[in-house]
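Asker: Sharing a sequence plus its predicted fold:
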Amino acid sequence: MIAGNLLAILILLIPGFAGIFYRSRIKEMSVAAAAIDLGLSVIMYYMRPQTGFFFVQNITVLFIVMVLSVYLLSTVYSTRYLKGTENMGIREPTYYLLLNLFTISMIFSLEVNNYGFMWVGIEATTISSALLLITEKTETSLEATWRYIIIVSAGVTFAFISIILIYYSLGTLSVSVAIAMHPHSKIMVLAVSLALIGFGTKVGVFPVHTWLPDAHSEAPSPVSAMFSGVLLPTALYVLYEVYEIEPIRQLYVWFAVISIVAASIFIGYQTRYKRMFAYSTMENMNLALLGLAAGGLLGITGALLLLISHSFGKAGAFYSSGNVLRFTGKKNIADLSGLGTSMPYTSASMLMSSLAVTGAPPFGTFFGEFLILSDVLSLHMYAQFIIVIIFLATAFISVNYNVTGMLFNGKGPRNEKDKLMSAVSVISAVMPLFIGIFYLVVYIEVL
Amino acid sequence: MNYIDSVVYLISSLTAISAFYIQGQEFIVSMIRGQSVQSLLIAVLAFIIAWEERSIDFFILGALIIVLRAFLVNYFLQKRIPKQKSYIYEGRVSLSYLFLVDLIFIVISVFILYSIAFSGIVLHSFLENSGNSSVLVFPITLFFQGLFLIASRRTTFTQIIGYVEEENSLVLFAMFLLPIPIIIETSVFLDVLALVVISSIVVLEKFTHEPVEELRG
């Protein structure tokens, strides 16, 4: 148990340790810290602290591995991406320092055994990531930063009321104790409902999602990848820990369904590819919320499968978008064509990631969606099932229509200038495929 | 209602009045000072509870409120106000109209939330009549005032003040309901301070917030 606690502390400290090299080599040290941390997180599976200050369950390890994988990919990608940035709002060492602090705050939210500290961790993610949004400083990115700060902070105050009510009801903020107690009261219903608004702001639940497309579209691509791939799942994890105290299934399920509908409609009329992928994240997060709220074994397994596949798939989509933006300078879907010939590797990763994030077989996201919807059906939620199926199909068509248009309409001269950036985007995009095939093999073996 | 209860109700009502005062201001400096007064009132309440409960936690809380919110936040914000006339005065606001909408919004939202959720709550024991939760109306009013200020104004400063007002309401709410661990409260204060510092960096570049075409939809 002591070894588990020490490991949890070490994982928190290592990215911070890279900050010591702020004046020189912070870039290299951040990559090294990410790699070491990822290795340690795998070891953590075998020595999980489950009482005291930290509360790490199997599912928590999965989230930590997910966060650190995307952190590693993003730090490697950033080493090249930032080279072409004009008018940087923050200095390069500050960027890496904030990226490391951002990761620490996410890991802290996941590891800690206290709802109050989870709230502090989620707020810390806002503080540490806000200035990352102005790395590429423009009038629009400044406005997006401001919206991110004010909307998320104002929203998360609702979650603090929820925390106060949990303490009022249970006399403790310990996650392990609260979940074991299973109290039923009007106050707990209120607390869990307010958590849906509060932490839901960070998850991207409609109608408190409005910061999400702005921040994702204006952040530098490696930061967008971390927002989409791991920040939102971290907030979803915290929301789920609160939900476990008093599951209000119908409320959560309907909010998730309405959010999927809204996200699919928004995807339909987007003119900028990064903004389109941002709304796709909203759709996927709410689908995972649907699985977790349904609460059956199928739903929870599906949600986890969806989240881990989506984290890599969406990171791949944003890295590909970063390549396109860096090499062409264009943000609008209508301005882009012939990427299939001008940027073959980036095109391959963008196509695979867009198929992955829209749930095409045999990507891991497909099996995740399949399991979630099976669970919804098994609970006789037919109306919710039909609505979700229709709008998932709508989102699938919208995203893939736009992406294939950019890739296969016309031809262009070869314009892929950086092999490492392309390699990172391809690796990220392949991962959901690997996860899907791995799951299929395990599934066949088990049955 | 005994003497202490009356004082607590009086000060709590003054915090709600200070929120209406802030809502009615056009000059940013007046708003910042209004927020300082509001924080001071909450600190006084914390000291009263500390005295009644013989609790060092509430005393530390009161001291933190004074140092961080009443002075440091005030200092950071006032220092950042640009000298141009257009930024020290929020001219394009129809105050009478906003005030009316604010009153309707507050009355409806407080009435709904209080009557549905909080009317049956038993309060912290320092109030003699702790079964009566009506004092919770004041933090709830403050919370919605903060939200309304963020939604109705366009300058960075007023939105920061709205956020600080929201956080003030949470502290007041927590103090009445029961003391949550001091370390959480401290974190909340540091969070507010950090956000104000970060916001002030953004303020250097962008003072007002109008709809941006690229961020529509």
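Answerer: Done, it's in.

Asker: where does chain B have low pLDDT?
Answerer: Along chain B, segments meeting pLDDT under 70 span B:1, B:83-88, B:91-93, B:124-132, B:179-187, B:189-191, B:193-194, B:197-211, B:213, B:217.

Asker: Can you tell me which residues in the stretch 51-200 of chain A are near chain B?
Answerer: Contact residues (C-beta under 8 Å from any C-beta of the partner chain) of the stretch 51-200 of chain A with chain B: A:116-117, A:119-120, A:123-124, A:126-127, A:130-131, A:134, A:137, A:139-140, A:142-147, A:149-150, A:153-154, A:157, A:160-161, A:163-165, A:167-168, A:173, A:186-187, A:190. Placement of C-beta: from N, CA and C, glycine included.

Asker: Show me which of the residues you listed are buried.
Answerer: The neighbour count (16 or more other C-beta atoms under 10 Å in any protein chain shown) marks A:116-117, A:119-120, A:123-124, A:126-127, A:130-131, A:134, A:137, A:140, A:142-147, A:149-150, A:153-154, A:157, A:160-161, A:163-165, A:167-168, A:173, A:187, A:190 as buried among these.

Asker: Just those: which are in helices?
Answerer: Among those, the ones falling in helices (DSSP state H) are A:116-117, A:119-120, A:123-124, A:126-127, A:130, A:140, A:142-147, A:149-150, A:153-154, A:157, A:160-161, A:163-165, A:167-168, A:187, A:190.

Asker: quick one: the strands in the stretch 251-400 of chain A?
Answerer: Along the stretch 251-400 of chain A, counting by DSSP state E, counting those that start in this stretch, no stretch forms strands.

Asker: Within range of chain B, give me the residues from it.
Answerer: So the stretch 251-400 of chain A meets chain B at A:266, A:269-270, A:272, A:275 (C-beta under 8 Å from any C-beta).

Asker: Looking at those residues, which is nearest residue B:136?
Answerer: residue A:266 (37.3 Å; C-beta to C-beta).

Asker: Do I have it right that that closest one meets residue A:277?
Answerer: No: Residue A:266 is beyond contact range of residue A:277, at 11.8 Å (criterion: C-beta atoms under 8 Å).

Asker: neighbour count winner among those two?
Answerer: Taking neighbours as other C-beta atoms under 10 Å in any protein chain shown, residue A:266 and residue A:277 compare with residue A:277 leading, 30 against 22.

Asker: which residues does that one contact?
Answerer: Residue A:277 sits next to A:216, A:224, A:228, A:314, A:317-318, A:321, A:354, A:357, A:399 when contact means C-beta atoms under 8 Å, 6 or more residues apart in numbering or on different chains.

Asker: Nearest residue to the middle of chain B?
Answerer: residue B:165 (2.0 Å; C-alpha atoms, centre = their mean).

Asker: In three-state terms, how would that residue be classified?
Answerer: Applying DSSP: H, G, I helix; E, B strand; the rest coil to residue B:165 yields a three-state assignment of helix.

Asker: Next: the one 3 residues further on.
Answerer: The local conformation at residue B:168, judged by three-state DSSP, is helix.

Asker: Next one: it from residue A:103, what distance?
Answerer: Using C-beta to C-beta, to the nearest Å, we find residue B:168 at a distance of 31 Å from residue A:103.

Asker: Between the two, point out the one with more neighbours.
Answerer: For residue B:168 versus residue A:103, neighbours defined as other C-beta under 10 Å are more numerous around residue A:103 (33 against 26).

Asker: where's that one, which helix or strand?
Answerer: Secondary structure from DSSP states H and E places residue A:103 in helix A:92-111.

Asker: Can you list the helices and strands that that helix packs against?
Answerer: Here helix A:92-111 touches helix A:2-17, helix A:26-44, helix A:58-81, helix A:115-130, helix A:221-226, helix A:232-243, going by 3 or more C-beta pairs under 8 Å, 6 or more residues apart in numbering or on different chains; DSSP states H and E.

Asker: Would you mind finding the longest helix in chain B?
Answerer: helix B:28-53.

Asker: can you tell if that one touches chain A?
Answerer: No: using C-beta under 8 Å from any C-beta, helix B:28-53 never reaches chain A; the gap is at least 15.2 Å.

Asker: from chain A, which residue is nearest to chain B?
Answerer: Residue of chain A nearest chain B, by C-beta to the nearest C-beta: residue A:116 (3.9 Å).

Asker: Low-confidence ranges, chain A, go.
Answerer: A:447.

Asker: follow-up on the earlier one: in the longest helix of chain B, what counts as buried?
Answerer: B:28, B:31-36, B:38-50.

Asker: cool, stretch A:421-436 as well?
Answerer: So, applying 16+ other C-beta under 10 Å, buried residues of stretch A:421-436: A:421-422, A:424-433, A:435-436.

Asker: same check, this time on stretch A:264-284
Answerer: Neighbour-count burial for stretch A:264-284 [16+ other C-beta under 10 Å]: A:264, A:266-268, A:270, A:272-284.

Asker: Point out the ones among those residues that are inside helices.
Answerer: Short answer: the buried residues of stretch A:264-284 in helices (DSSP H) are A:264, A:266-268, A:273-284.

Asker: so, if you compare the buried residues of stretch A:421-436, which one comes nearest to residue A:389?
Answerer: The closest of the buried residues of stretch A:421-436, once distances to residue A:389 are taken by C-beta to C-beta, is residue A:436, at 19.6 Å.

Asker: Mind giving me the packing neighbours of the helix or strand hosting the closest one?
Answerer: Assigned by DSSP H and E, residue A:436 belongs to helix A:419-446. When contacts are defined as 3+ C-beta pairs under 8 Å, 6+ apart, helix A:419-446 packs onto helix A:58-81, helix A:297-328, helix A:344-357, helix A:364-378.

Asker: can you give me the angle the second one makes with helix A:232-243?
Answerer: For helix A:297-328 against helix A:232-243, the angle between stretch directions is 160 degrees (axes from the mean of the first three to the mean of the last three C-alpha atoms, to 10 degrees).

Asker: Enumerate the positions of helix A:297-328 that are buried.
Answerer: A:298-327.

Asker: What of the last one?
Answerer: Within helix A:364-378, the residues that qualify as buried are A:364-376, counting by 16+ other C-beta under 10 Å.

Asker: Report all helices and strands that it contacts.
Answerer: helix A:273-294, helix A:297-328, helix A:344-357, helix A:382-408, helix A:419-446.

Asker: neighbouring contacts of the shortest one?
Answerer: The set of residues that contact helix A:344-357 without belonging to it, under C-beta under 8 Å, 6+ apart, is A:277, A:280-281, A:284, A:309-310, A:312-314, A:316-317, A:319-321, A:323-324, A:327, A:339-340, A:363-365, A:399-400, A:403-404, A:406-407, A:416, A:419, A:422-423, A:425-426, A:428-430, A:432-433.

Asker: Alpha carbons only: can I get that helix in CSV?
Answerer: Provided in CSV are the C-alpha atoms of helix A:344-357 (Å, rounded to 0.1, in the frame of the first residue of the first chain):
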residue,chain,number,x,y,z
PRO,A,344,-0.6,11.4,-48.1
TYR,A,345,0.4,10.5,-44.5
THR,A,346,-1.6,13.3,-42.9
SER,A,347,-4.6,12.3,-45.1
ALA,A,348,-4.3,8.7,-44.1
SER,A,349,-4.3,9.6,-40.4
MET,A,350,-7.2,12.1,-40.8
LEU,A,351,-9.3,9.6,-42.7
MET,A,352,-8.6,6.9,-40.1
SER,A,353,-9.2,9.2,-37.2
SER,A,354,-12.5,10.6,-38.6
LEU,A,355,-13.7,7.1,-39.2
ALA,A,356,-12.6,6.1,-35.6
VAL,A,357,-14.3,9.1,-33.9
